[in-house]
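1. Got a predicted structure here, sequence first:
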Amino acid sequence: MVRISRRTLLKAMAAVGALGCGNWLAACGEKSGPVVVMNELTYTPATLKIRVGDTVTWRNADSMAHTVTDDPAKARDEESASLPEGAEPWDSGTIEGGESWSRTFDVPGEYTYFCIPHELAGMVATLTVVG
């Protein structure tokens with residue numbers, strides 16, 4: 001039996017995302033939609049492109065709690081949060097290690113989101129929704 005560490009698996013998932021396949025679960029035959037993994041103060045992939053109506057799931061593979069937040073009123077740095085015109089602000093609330101949270105995107109445009117406790121540590125990512 002071959003054992004793969006969680007760190008190695010996450011690096012492999014990041015590499016798949018870097019090759020332009022942000023939807024790594026779909027590439028593996030999973031039908032649940034794109035997944036973003038939170039670990040070591042990062043979102044992997046850090047940039048993701050989806051279609052209107054897609055549901056993204058964020059999975060916390062870390063021992064620290066994280067959030068997935070796109071609410072300019074909650075950001076310390078204005079560049080950490082942006083919403084396309086017509087989109088409502090959102091916040092996952094606390095996502096503990098091993099938990100996940102999902103959101104469906106119906107408004108096209110670019111979203112910049114962040115983790116509330118780790119925003120200043122650079123835990124910020126971008127999501128582009130195309131029509």
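-> Looks like it came in fine. Just so we're clear, the structure is a prediction, and the values are computed from it rather than from any experiment. Numbering: from 1, shown residues only.

2. Phe114 versus the nearest residue to Thr42 once chain neighbours are set aside, what's the distance?
-> Among residues not flanking Thr42 along the chain, Met123 sits closest, at 6.4 Å (Cβ to Cβ, 6 or more residues apart in numbering). C-beta coordinates here come from the backbone N, C-alpha and C atoms, glycine included. For Met123, the distance to Phe114 equals 6 Å [Cβ to Cβ, to the nearest Å].

3. Of those two, give the one with the bigger neighbour count.
-> Set Met123 next to Phe114 and count neighbours by other Cβ atoms under 10 Å: Phe114 wins out with 27 against 22.

4. mind listing what that one touches?
-> Shown in contact with Phe114 (Cβ atoms under 8 Å, 6 or more residues apart in numbering): Thr67, Thr69, Asp70, Ala75, Ser80, Ala81, Met123, Val124, Ala125.

5. Could you single out the nearest of these to Gly98?
-> Closest to Gly98 out of the contacts of Phe114 is Thr67 (15.3 Å), distances taken as Cβ to Cβ.

6. what's the first-to-last distance across stretch 59-73?
-> Distance between the two ends of stretch 59-73: 24 Å, counting by Cα to Cα, to the nearest Å.

7. ok, and for it, which residues are buried?
-> Neighbour-count burial for stretch 59-73 flags Arg59, Asn60, Ala61, Asp62, Ala65, His66, Thr67, Val68, Thr69, Asp70, Asp71 (criterion: 16 or more other Cβ atoms under 10 Å).

8. List phi and psi for Met64.
-> Main-chain dihedrals, Met64, degrees, to the nearest 10: phi -90, psi 150.

9. How about the contacts made by it?
-> Each residue near Met64 by Cβ under 8 Å, 6+ apart is listed here: Gly97, Pro117, His118.

10. Could you dump those residues into TSV with pLDDT and distance to Thr55 added?
-> Shown next, in TSV, are the contacts of Met64 (pLDDT from 0 to 100; distance: Cβ to Cβ, whole Å):
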residue	pLDDT	distance to Thr55
Gly97	97	22
Pro117	97	25
His118	98	24
